[in-house]
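Engineer: have a look at this fold, sequence not included:
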Ligand code: ATP
Ligand code: MG
C-alpha cells in the first residue's frame, strides 16, 4: 500500500465529532430547550442546510464579516452558487415567505441545527457550530421583544445560569435614524483617523457602526468619546425602547444598556441584545438577537416586523461544564446493569429485562451482552456506571430470584425474588 493510501483521514479542522461521552449533555440541553419552546407556544421549523448564496448575501449584507470571509460557498454540478448556512434567520424568512406563513398572520418559530463559518477555530469558536434560535413575525410592539428575552432568561434560570450571564441592550433606531447617525460617526472617525486600526479603516466606508464593536484597547478611549446612537434615535424607536425597558423592569430582568452594542449583521433595527458571560474568555456572547423589521421586504416580501435571537449551543454547554451545572443524571450511563452469568441465564435475563423495561419505563437498564469470564463481566458492570448490578447465576435461576450488588455503596448484597424485582428497583433507583 502506498504511503498516502495508509494515511488516516481526519475530520475537518473546526468541525467536531460529538462523542458518546458528551452527547448526554447535549441531549439534556436540547430537551430543556424543546420543552421551553413548547411551553411558550413556539413551533419548530427545519430548513435545509444549503441555500442559494444570494439569500445570505442579500440578507446578512455584503460588507459583513460573514459574507466577506466566513461563508462556505461552492458551485454545485449545475453551476449554481450554493452556501452552507452561516446562520438561521435568512433561511427562516425565505421558508416563511415561500410557504405563505407571513400572509395575514403572526408566527412564533424556533429552530436548531448546525451552522458553518470559516473562522479561526479556538475554544468556543468553530467552523461547524450549533445554534438554537427563535424568530417571530408580524409583531411590531415591544411586548414580543420582552417575550423572547423572558424566554431566554427562563432558560438560563432553569439551567442555573442566570446569575452568570448579563443582558446587554441597545436600540439601533430606524433605518433613517441609523443612516443619519452613521454620517455623524464617520465624521468623528475621520477626525481621529490616526487612532483607527487597519480593520477599522477598512470598515470606515463599508460598515462604520461595526467599528464601535472593536475590542482593540488602543482605540478604547477614542470610541468612548464617539457620538452615541442612543442620542440620535427617532421618537418611535425611543418610545419602543423605553417601553421594552419598563417591561423588563416589571418582570424583574436586570440589564445594562450598552450604547456600543451594534451587532454584526446589517438587518437589525431598533432593539438589539446580547447575553454575555465573563466565564468563557473572549468568546463571551452566548445568545444574541434583536429586531429586523426590514428583512422580509428586503428579500422581496411585504413589510413584516420581526424579532429573533440565536444562541450558541457549544458555548452554553462549555459554560455549564465550567460552572459544574450539568446534573448527575444528565451524564449518561445507566441505572441498572443486568448480568446473566451463563447462556441459560441469558435467555431468562432477556425476558426479565423486557419485563422491567415495560413496568419501569423511565428505568435505564443495560443487559450484559457478549459473554466473558466472571471477572470481565463484573468489570463491564462497573464500567457501565450503574449503581446497581442485578446478577443472575445458577443459584438465582433455581430460586427464580436475582442478586442485587451495589457497585457504588458499601452495602451488603441482596437476594430478591424475580417477582419482587420491579418493586425493589422502583424504590432503589431515582426517577
Ligand atoms: P461573535 O462575535 O462571537 O463572532 P457573532 O456576532 O458572529 O458572534 P451571531 O451571528 O450573533 O454571532 O450568532 C449567535 C451566537 O452563535 C453567538 O452569540 C455565539 O454564541 C454563537 N456563535 C457564533 N459564531 C460561532 C462560532 N464560530 N462557533 C461557535 N459559536 C458561535
Ligand atoms: Mg462572528
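Structural biologist: Okay, I see it. Since this is a predicted model, take the numbers as computed values, not measurements. Ligands and ions are numbered 1, 2, ... in the order given.
Engineer: hmm, residue 15 is touching residue 129, no?
Structural biologist: No - between residue 15 and residue 129 there is no contact under Cβ atoms under 8 Å: 9.1 Å. For glycine as for every other residue, the C-beta is placed from the backbone atoms N, C-alpha and C.
Engineer: who touches the residue positioned nearest the centre of the chain in this structure?
Structural biologist: Centroid-nearest residue in the chain: residue 313, 2.7 Å away (criterion: Cα atoms, centre = their mean). By Cβ atoms under 8 Å, 6 or more residues apart in numbering, residue 313 lies in contact with 26, 29, 30, 112, 129, 130, 131, 132.
Engineer: which of the residues you listed are buried? Put it as a PyMOL command.
Structural biologist: Buried residues among these (16 or more other Cβ atoms under 10 Å), as a PyMOL selection:
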select buried, resi 29+112+129+130+131+132
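Engineer: and the contacts of residue 313, which of them are in helices?
Structural biologist: 26, 29, 30 (DSSP state H).
Engineer: how near is the first one to ligand 1?
Structural biologist: As defined by Cβ to the nearest ligand atom, to the nearest Å, residue 26 lies at a distance of 14 Å from ligand 1.
Engineer: that residue touches residue 19, doesn't it?
Structural biologist: No - using Cβ under 8 Å as the test, residue 26 is too far from residue 19 to be in contact (10.5 Å).
Engineer: how many neighbouring residues does residue 382 have?
Structural biologist: Residue 382 sits with 13 neighbouring residues when counted by other Cβ atoms under 10 Å.
Engineer: just curious, which of the contacts of residue 313 is nearest to residue 95?
Structural biologist: Residue 95 has its nearest neighbour among the contacts of residue 313 in residue 112, at 14.7 Å by Cβ to Cβ.
Engineer: list the contacts for the closest one?
Structural biologist: 30, 33, 44, 130, 131, 132, 133, 313.
Engineer: gap between the fourth one and ligand 1?
Structural biologist: What that stands for is residue 130. 8 Å.
Engineer: ok, now which ones touch the residue of the stretch 1-150 of the chain found nearest ligand 1?
Structural biologist: Proximity of the stretch 1-150 of the chain to ligand 1 (Cβ to the nearest ligand atom) peaks at residue 129, 3.4 Å away. For residue 129, the contacting residues are 114, 115, 117, 312, 313, 314, by Cβ under 8 Å, 6+ apart.
Engineer: please redo it, this time with the cut-off set to 6 Å
Structural biologist: 115, 314 (Cβ atoms under 6 Å, 6 or more residues apart in numbering).
Engineer: the one 3 residues further on too?
Structural biologist: If a contact means Cβ under 6 Å, 6+ apart, then residue 132 has 33, 112, 311 as its contacts.
Engineer: same question for residue 336.
Structural biologist: Contacts of residue 336 by Cβ under 6 Å, 6+ apart are 365, 386, 388, 390.
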